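J.: Sequence and predicted structure below; questions after.
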Amino acid sequence: MGEDFRLGGWLVQPSLNSVCRKGTSCRLEPKVMEVLLCLTRRAGETVPKDELLKTVWPDTFVTDDGLVHSISELRRVFEDDAREPRFIQTIPKRGYRLVMPVEAVNGRAGSESAAPQTADSQARAVTGGRPVKVRLLWLVGTGVSLAALIGGAEIIGRRASSSDNAPSIHSLAVLPLQNLSADPAQEYFSDGLTDELITDLAQISSLKVISHTSTRRYKETKKTLPEIARELNVDGIVEGTVQRSGNRVQIDVQLIHGPADNHLWAQSYEREVSDLFALERDVAESIARQVRAEITGSSLAFAKTQKPVNEIALEAYLQGKSIVTHGEWSGNDNEKRKASIYFQKAIDADPDFELAYIGLAESHDNLFRGSADDALVRKRAAQKVLELDPNSAEAHVILGNLKWGNFEWAAAEEEYRKAAELDSNNVDTHDGLGILLAATGRVDDGLRECQIAQALDPTGEHLPPVLELKGEYDRATAMLLEMARNSPEDGMINYELYRTYAGAGKPKEAVDELEEALRKFGMADIATKVHESYAKSGHSAAMRAFARSWEDLQGKNLLFAPENLAAAYTAAGDTDRAFYWLNQAYEHREMVSHDWGLMILKVDPLLAPLHSDPRFNDLLRRVGLPQ
């Protein structure tokens, strides 16, 4: 079965299915020994579960349970802990890796790369033959804590590094970090850390970093890393785990060359929870070094000097962030109101907690029925963030949105451009600037910005709206249909398809998509009314039924969607009612949040039939756009 070898203080004798230490021998089941040998032959590399199953049980169907039993038995024998592995590390959703150095006894152990004699040769084994400069692996393998040697983050183990032969990484996706905490309710904690790590990496201007809105759908995916890399159009993928125990948190991360599923680097970090964001910045800087990206983001540098965060504030912030980022579309504002309470709690506990102010502004935006108070909260939050960090791109985006909604066109553009200078990877910056440019008649310039946003957030709906404004309906439709196939539960895609088909003059398709969107929004009764009206009296009747139903919702203070109502009444041929709602959008602009209002008035294709009416030019004059 192979030559004898050592793992730490243990002597492994494959021919005897035996593991010995200090004169005490323990016999392994033959299949358990075979699992160990498979890991030994590829020490330092991730061995996929499927490969282990096929190698150890080639002629027998065995479920994962048999493999899990073998790994558990090896950990018992070697006195290993899955939460703080010194021998065998679980790589979530992929397989296992032997991290303990392998030492030959009277010959070679496993393979040439798995029998290192020096720190350099050991490192070559871990990285598949690539030389590394880090010479700390023997300490890790013998269980010596590096925390005593390295200040700041307690770096538990570095198992690979980059080299001149490593593939170039120009784009990156961070997959949702897996929660390994004993409490499943801590999911918000791992979700929040994922989002913050993406935010940190996005500060690296030379690296394209995919938005969390595109990566979060891979949380429970069974897709392979090459498939994910292809879908997101990235070179590198970061994946890992989060484990929280008391006031300590450990993050294990690894960098993969996605197209080839080739492991490049892995490292473990541990710190106090109060130092969580500093830990995140350490992770981001380590990844930047691995991909040879130059860190120039001023906000990243600022964040590293942040004082420790109050743990009560951190808890509240992460819970609020989880609601805003991962909450389901519920057809009302209750979830965001709930999130705002958490963000305010965080601010009360730590009045200088910058991220809590950004979260507070987010929780008062994109509401179905906004108010002047919501706008004021967003403005004050952004101003406070700029007091704490004058280089916050997020704060400038918030102010840009507010100024645009108040028809301060030039001032809004200035805010967006400032945000773009500070953070070239901020999706909201390029999306907002792109639509603003298109709304003021610079459609091609807007298209370029939205293309950047789409590249950063491949599953988001950034490019289709400006294609619609540009009249490229076929291209917009093709993109949206592909998005709908990948995210069949997302009603907003169906709603955008409704608008695109309506602009293209395809009423039947438009009504079908509107009905589907309404059902996914939890408005099945309205969808039924639209369907029956279309079947009985055609497109105009269907649009009137839709508009009147949403007017009923507005009467109940559940939403304020004046542009959507104006577009529906325009399609229904009721010009007077369309202008009524456009005037409502002007007079109550502070209530507009989830709706376009008058922000795209000049180029909105659904309002094109109104252009010849003198009231339309009067509206353009009032909002400050050329006629």
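T.: Structure received.

J.: so where's this structure uncertain?
T.: 1-2, 23, 59-63, 65, 106-166, 182, 293-307, 326-331 (pLDDT under 70).

J.: tell me, what residue is most central in the chain?
T.: His212 (1.5 Å; C-alpha atoms, centre = their mean).

J.: wouldn't that one be in contact with Ile198 here?
T.: Yes. Using C-beta atoms under 8 Å, His212 is in contact with Ile198, at 4.9 Å. Every residue, glycine included, has its C-beta placed from N, CA and C.

J.: list residues touching both of these two?
T.: Val174 (C-beta atoms under 8 Å, 6 or more residues apart in numbering).

J.: which residues touch the residue nearest to the centre of the chain?
T.: 174, 194-195, 198, 325.

J.: So Gly240, which state does it fall into?
T.: Secondary structure assignment for Gly240 (DSSP: H, G, I helix; E, B strand; the rest coil): strand.

J.: ok, back up a step: quick one: the residue nearest to the centre of the chain and Ala439, what's the gap?
T.: 26 Å (C-beta to C-beta, to the nearest Å).

J.: go on, Asn233?
T.: 28 Å.

J.: Mark which of the contacts of His212 are buried, thanks.
T.: 174, 194-195, 198, 325 (16 or more other C-beta atoms under 10 Å).

J.: Redo these as JSON lines? Include secondary structure and distance to Lys54.
T.: Below are these laid out as JSON lines (DSSP: H, G, I helix; E, B strand; the rest coil; distance: C-beta to C-beta, whole Å):
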{"residue": "Val174", "secondary structure": "strand", "distance to Lys54": "30"}
{"residue": "Thr194", "secondary structure": "helix", "distance to Lys54": "32"}
{"residue": "Asp195", "secondary structure": "helix", "distance to Lys54": "37"}
{"residue": "Ile198", "secondary structure": "helix", "distance to Lys54": "35"}
{"residue": "Thr325", "secondary structure": "helix", "distance to Lys54": "39"}
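
J.: Is the closest residue to Val56 other than its chain neighbours inside a helix or a strand, and which specific one?
T.: Once flanking residues are discounted, Val56 sits nearest to Glu34: 4.6 Å by C-beta to C-beta, 6 or more residues apart in numbering. Using DSSP states H and E, the element containing Glu34 is helix 30-41.

J.: Got the domain ranges for this protein?
T.: Split into domains by automatic domain parsing, the chain comes to 5-128, 171-306.

J.: most packed of those domains?
T.: domain 171-306 (a mean of 20; mean count of other C-beta atoms under 10 Å).

J.: Figure out how far it is from the centre of its chain.
T.: With C-alpha atoms, centre = their mean, to the nearest Å as the basis, domain 171-306 stands 9 Å off its chain's centre.

J.: can you tell me which of the domains of the chain comes nearest to Ser392?
T.: domain 171-306 (6.2 Å; C-beta to C-beta).

J.: Please report how far the closest residue to Lys31 other than its chain neighbours lies from Leu175.
T.: The shortest distance from Lys31 to any non-neighbouring residue, by C-beta to C-beta, 6+ apart, is to Val56 (5.7 Å). Relative to Leu175, Val56 is positioned 28 Å away (C-beta to C-beta).

J.: Kindly report the same for Asn557.
T.: With C-beta to C-beta as the criterion, Asn557 and Leu175 are 40 Å apart.

J.: Ser363 now?
T.: In terms of C-beta to C-beta, Ser363 sits 26 Å off from Leu175.

J.: Leu582 too?
T.: Leu582 is 44 Å from Leu175, by C-beta to C-beta.

J.: go on, Tyr317?
T.: Tyr317 is 22 Å from Leu175, by C-beta to C-beta.

J.: do Thr325 as well
T.: Taking C-beta to C-beta, one finds Thr325 at 15 Å from Leu175.

J.: Also Val253?
T.: For Val253, the distance to Leu175 - C-beta to C-beta - is 10 Å.

J.: what sits in contact with each of these two?
T.: Joint contacts of Val253 and Leu175 (C-beta under 8 Å, 6+ apart) are 238-239.

J.: And the closest residue to His170 other than its chain neighbours, its phi and psi?
T.: Distances taken as C-beta to C-beta, 6+ apart put Asp235 closest to His170, at 5.7 Å, once the chain neighbours are dropped. Dihedral angles of Asp235 (phi, psi; degrees, to the nearest 10) stand at phi -90, psi -40.

J.: Kindly report the same for Lys602.
T.: phi -70, psi -30.

J.: Is it in contact with Leu619, as I believe?
T.: No. Using C-beta under 8 Å, Lys602 is not in contact with Leu619, being 9.5 Å away.

J.: The nearest residue to Gly258 once chain neighbours are set aside: which element?
T.: The shortest distance from Gly258 to any non-neighbouring residue, by C-beta to C-beta, 6+ apart, is to Ala229 (2.8 Å). Assigned by DSSP H and E, Ala229 falls within helix 225-232.

J.: Spell out the residue ranges of the helices in the stretch 351-500 of the chain.
T.: 354-363, 372-388, 393-405, 409-422, 427-439, 443-456, 463-470, 473-486, 491-503 (DSSP state H, counting those that start in this stretch).

J.: My error: substitute the stretch 201-350 of the chain in the last question.
T.: 212-215, 225-232, 276-290, 298-304, 311-326, 334-349.

J.: how about those in CSV, adding distance to Trp404?
T.: Shown next, in CSV, are the helices of the stretch 201-350 of the chain (distance: least, C-beta to C-beta, whole Å):
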stretch, distance to Trp404
helix 212-215, 21
helix 225-232, 29
helix 276-290, 30
helix 298-304, 23
helix 311-326, 21
helix 334-349, 20
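
J.: Nearest to Arg499, out of those?
T.: helix 212-215 (20.1 Å).
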